[in-house]
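>>> sequence? don't have it. structure:
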């Protein structure tokens, strides 16, 4: 294979890698490029908007210059406003994606280097370990106990064993055991391999690009699309009826068509995509200020949806600063200092040159070497002959040493339950001592030894017939703020479960101290003894998973997700990578191992559950503010357009000119761009919220008619009391409709009593009042004639001041009745399927360059 790729086992040179990248393109399946033309295309994609522009041009051609120019200017400003906000948000998303780098160890110029995964080319030789996402299609050169999770491609949950032995003849993807495939995950072991295919040529790349080149729409955006289709259907029906009725009444075709299309534009929420994009971009900045870094904007939604968090104990519930406390001999034949010496010998550190570096050591070994007793250790007295490193199946480390007497011995250090199983004649007193320490909440490591005459190398089968030397006691105190952090998560409706490699009793003691109800404990042995269906049921109730391996953590998370929960997992070690990949939202910390940070969707600059709570609040706040805009569009705004449709039928003139309708809509939309920064009531953050189109439809049917009722009252006031001509009528209704549909936000934005129990943000309050002021001022300004308005008498404004509070009070009463009904209690649970996971995995192979052109370039090359 190396010869076919013109590569060597030592990898490529940097120059050759650059040449090949220019030839085949980058190793990417997604583009996060902010393309202004795509954004502009989305702004102009509405068929109603296109038809309106075409009709305005025709009107201009037929001589109606003033009205056509007014419509054109308003549409230009409206589209420009939406474009500028949405493009700015896309630029923020591009910057966010570009900041995140996923790296892999590749051999370049004969040495190992960290390389961005999108920079890999065929012929690169890479090294991969536990939890790594395979960065390209790879042919194995060497491997050690390698298992790979290929469910992202095959749907099979069981891992596949891999080795370099060639596969004979043609074989399906699942049988190519000598190959690793892009997007799959190493579940155990490690390997070295040569890159065969990248980007669109890889199997995963072909599937991912089949779903589209650009980042997938977020759940918010998909919900908005469904909502927009709902309003589009309403707009088409209403527009068709208005046009047909006006033509039957003998009104001019162009005037009737312009009016009908302006009504349709008024119903459709043109700036809604901009509001959502701005909300997400603002959310990422707010989270960064709270020391939470999200890798993609969709992660904000996933944080907000989370209702179950599985987390390690160390560093989240505890301080994470493990200290060595004592050595407890198991029998009189060994002293505490001698037991401590055995423990130092059984660490994985290289002590041959004296005190070893603590970098890269596990926390327990590092705590042993930090103890002052390590200063008296003489490495010349014990020579290390061999080492079996710690792994999560054996849960122990063993060394073969030769002391001053020249006799080799095996020293084993690890989880007490596993070490004791290898020991002979362990006394009840020793087991009682261990149980006492576990109940006290101490972290305990057992040390055992035996003579090993004649051995120069050891293997796991030599870990037998040991004699227990004693126990090492470590302490990791609960965090002072952990109880408050757990209380915050509980207030957000998030259930917390603990997955730890510690003993069950230690984890239970910490949970009791922090007031965290566990609901029961499952150990690693329990997990292995249960089928998937049995474990799915047991995991619902259990709050602690103790002595669990990386594979067991991932299995537990996967089954909790199948129970319908939106599961987050928080971890910082190599052993957490599989569970981070399996979760709906993976959370790690800045101090975590590189493999854990690479697997995570969210990185915390501080390992604190309180910061996780902040991230959840931000995700839910964004959704709550988006819904405010949606509910406004389905209440007052929809009601006003319906009123205009009815009035156009019963009046001898149009109630508002097309340009006036568009101007009204533009002013209203502009004021609502302040919604993303609005405050949100605490009860709206207590549980995840989801799109519910039927709920929105019911809201429209209740609050739309209330708006129309007050519009009709305004019509009566203008015609019966003030005997208004067409110009006065249009000015009066323009002011009333703009004021009511803008000010109603203060009622709809909360389920509480507005202002008294829930205050809006200063930005929203200012923007809304400014829009109303402009709306009142336009009919009184020098632009009134150009816009088709006539001056209004002072009594009209006095009547308007009396009507608006009555309207808002009536809406408040309707709101209380509406939300008191059990039917209005939220949407359908969001289900994340295979495509969600595929898109999430594909996001790590993203570039600011257009993918299609890269692929085409590669093919032509």
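Here it is on my side, so go on. Owing to the predicted nature of the structure, the values given are computational and were not obtained by experimental measurement.

>>> contacts, neighbours, all on C-alpha from now
OK.

>>> now the residue most central in space within the chain: how far from residue 252?
Nearest to the mean C-alpha position of the chain, by C-alpha atoms, centre = their mean, lies residue 299 at 1.7 Å. From residue 299 across to residue 252, the span is 52 Å (C-alpha to C-alpha, to the nearest Å).

>>> now residue 448: how far from residue 371?
From residue 448 across to residue 371, the span is 21 Å (C-alpha to C-alpha).

>>> and the two? Which one has more around it.
Using other C-alpha atoms under 10 Å, the more surrounded residue of residue 448 and residue 371 is residue 448, with 29 against 12.

>>> can you tell me the helix or strand for the more buried one?
Taking DSSP states H and E as the criterion, residue 448 maps to strand 443-451.

>>> what pairs with that strand, parallel or antiparallel?
Strand 443-451 pairs in its sheet with strand 408-414 (antiparallel), strand 467-475 (antiparallel), by DSSP bridges.

>>> tell me which residues of stretch 511-527 come out buried.
By neighbour count with 16 or more other C-alpha atoms under 10 Å, stretch 511-527 contains the buried residues 511, 514, 516, 518, 521, 522, 523, 524, 527.

>>> farthest-separated two in the residues you listed?
Maximum pairwise distance in the buried residues of stretch 511-527, criterion C-alpha to C-alpha, is 25.3 Å, between 514 and 527.

>>> show me where the stretch 451-600 of the chain has its helices.
For the stretch 451-600 of the chain, the helices defined by DSSP state H, counting those that start in this stretch occupy 482-491, 504-514, 524-528, 532-541, 550-562, 577-582, 594-599.

>>> ok, residues contacting the third one?
To tie it back to what came earlier, the one meant is helix 524-528. 535, 545, 546, 547, 548, 549, 552 (C-alpha atoms under 8 Å, 6 or more residues apart in numbering).

>>> sort out which of those are in strands and list them.
Those of the contacts of helix 524-528 mapping onto strands are 545, 546, per DSSP state E.

>>> wait, which of the contacts of helix 524-528 is closest to residue 619?
Distances from residue 619 to the contacts of helix 524-528, taken by C-alpha to C-alpha, are shortest for residue 545, at 28.0 Å.

>>> next, find the distance separating that closest one from residue 315.
In terms of C-alpha to C-alpha, residue 545 sits 17 Å off from residue 315.

>>> who's more crowded, the two?
Per other C-alpha under 10 Å, whichever of residue 545 and residue 315 has more neighbours is residue 545, with 30 against 22.

>>> who are the contact partners of that one?
The contact partners of residue 545, taken as C-alpha under 8 Å, 6+ apart, are 497, 498, 499, 500, 504, 521, 522, 523, 524.

>>> got the residue ranges for the strands in the stretch 201-350 of the chain?
Taking DSSP state E, counting those that start in this stretch, the strands of the stretch 201-350 of the chain run over residues 292-294, 308-311, 323-329.

>>> quick check: residue 315 touching residue 592?
No: counting by C-alpha atoms under 8 Å, residue 315 stays clear of residue 592, with 10.7 Å between them.

>>> dump the strands paired with strand 443-451 into TSV; add mean neighbour count as well.
As requested, the strands paired with strand 443-451 are exported to TSV (neighbours: other C-alpha atoms under 10 Å):
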stretch	mean neighbour count
strand 408-414	25
strand 467-475	25
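
>>> closest to residue 767 out of those?
Between the strands paired with strand 443-451, strand 467-475 lies closest to residue 767; by C-alpha to C-alpha that is 55.4 Å.

>>> quick one: contacts of that closest one?
Looking at what lies outside strand 467-475 - C-alpha under 8 Å, 6+ apart - the contacts are 322-331, 334, 339-340, 343, 364, 420, 423-426, 430, 434, 437, 442-450.

>>> so which residues of the stretch 51-200 of the chain form strands?
Here the stretch 51-200 of the chain has its strands, by DSSP E, counting those that start in this stretch, at 103-108, 111-116, 125-128, 137-149, 160-162, 179-180, 185-197.

>>> highest average neighbour count across the ones you listed?
Highest mean neighbour count among these (mean count of other C-alpha atoms under 10 Å): strand 179-180, with a mean of 26.

>>> and that one, average pLDDT?
In this model, strand 179-180 has a mean pLDDT of 92.

>>> and that strand, which strands flank it?
In the sheet, strand 179-180 lines up with strand 137-149 (antiparallel) (DSSP bridges).

>>> and the strand it pairs with with strand 185-197, angle?
Taking axes from the mean of the first three to the mean of the last three C-alpha atoms, to 10 degrees, one finds strand 137-149 and strand 185-197 inclined to each other by 170 degrees.

>>> show me the contact partners of strand 137-149.
1, 157-164, 178-182, 184-198, 202-203.

>>> hmm, try it at 6 Å
159-164, 178-182, 184-197, 202 (C-alpha atoms under 6 Å, 6 or more residues apart in numbering).

>>> ok, stretch 563-578 next?
Residues contacting stretch 563-578 (C-alpha under 6 Å, 6+ apart): 131, 306-312, 550, 554, 561, 580, 583-588, 592-593, 595-596, 599.

>>> now render the strands of the stretch 51-200 of the chain as TSV, adding distance to residue 349.
Output for the strands of the stretch 51-200 of the chain, formatted as TSV (distance: least, C-alpha to C-alpha, whole Å):
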stretch	distance to residue 349
strand 103-108	23
strand 111-116	22
strand 125-128	22
strand 137-149	22
strand 160-162	30
strand 179-180	32
strand 185-197	21
